[in-house]
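Asks: All I have is the shape, not the residue letters:
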């Protein structure tokens, strides 16, 4: 199968963004308030980008955004990424939140890359995803999460979150972005494990 350079570029950005956020949060350089301010700024820029071609923002969108998304909701994936990060930071203790962001960072990216390039078996829950991609994403997320939580928590949370990624959750006929659902599922699983085990 042909290598899709655009998807590799998108997922490399996804990984860099996630690692940067985790590092800055881990060393208390930023906090939830900063994430919230960046999120609001991103939403404003997205709205403006629908009407105006803002020089640096437009170049960024051309490099990393899918063409069909630029017209409808510029920066949608990045905005959803920040929403997912903000939600887990507000709902869970710091280590669980950071582990959840790592599962989002690595799990989501590796599932797309592996699924796109070497995925052969369709996932029975979602024909647009592959079993190989989901397993690769779960393993990558597990490894990333182990920096912040125990291997057991990381394993169960990552595999559950990647399983949840295959299910399309809809709200008012719109699919909820997996940049929101993946960290929420991962964080919830780790939180429940911590309470009950």
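Replies: Received the coordinates, thanks. Values in this document were obtained by computation on a predicted structure and should not be read as measured data.

Asks: What is the subsequent helix or strand relative to the top helix by length along the chain?
Replies: For the chain, the helix reaching the highest residue count under DSSP state H is reported as helix 5-26. The element immediately downstream of helix 5-26 (helix or strand, assigned by DSSP states H and E) is helix 32-51.

Asks: so what does that next one touch, helix or strand wise?
Replies: helix 55-64, helix 76-91 (3 or more CB pairs under 8 Å, 6 or more residues apart in numbering; DSSP states H and E). Glycine gets a C-beta too; all of them are placed from N, C-alpha and C.

Asks: Pick the most deeply packed of those helices.
Replies: The highest mean neighbour count among the helices and strands packed on helix 32-51, using mean count of other CB atoms under 10 Å, belongs to helix 76-91: a mean of 21.

Asks: what's the closest non-adjacent residue to residue 15?
Replies: residue 109 (5.1 Å; CB to CB, 6 or more residues apart in numbering).

Asks: The helix or strand that contains that neighbour vs helix 5-26, what angle?
Replies: Assessed by DSSP H and E, residue 109 sits inside helix 109-118. Put simply, helix 109-118 runs at 170 degrees to helix 5-26, going by axes from the mean of the first three to the mean of the last three CA atoms, to 10 degrees.

Asks: Enumerate the positions of helix 109-118 that are buried.
Replies: By 16 or more other CB atoms under 10 Å, the buried positions in helix 109-118 come out as 109-117.

Asks: Counting by contacts, list what that helix packs against.
Replies: helix 5-26, strand 126-130, helix 131-145.

Asks: could you give the angle of it to helix 131-145?
Replies: Using the same axes, to 10 degrees: helix 109-118 against helix 131-145 is 150 degrees.

Asks: so which of the helices and strands packed on helix 32-51 gets nearest residue 33?
Replies: helix 76-91 (9.7 Å; CB to CB).

Asks: pLDDT (mean, whole number) over the very next helix or strand once past the closest one?
Replies: Past helix 76-91, further along toward the C-terminus, the next helix or strand under DSSP H and E is helix 94-102. Averaging pLDDT along helix 94-102 yields 98.

Asks: Buried residues in helix 94-102, which are they?
Replies: 95-102.

Asks: where does the closest residue to residue 161 other than its chain neighbours fall, helix, sheet strand or coil?
Replies: Spatial nearest neighbour of residue 161, chain neighbours left out: residue 186 (4.0 Å); criterion: CB to CB, 6+ apart. Using DSSP: H, G, I helix; E, B strand; the rest coil, the structure places residue 186 in helix.

Asks: State whether residue 186 and residue 158 are indeed in contact, as I suppose.
Replies: Yes - under the criterion of CB atoms under 8 Å, residue 186 makes contact with residue 158 at 6.7 Å.
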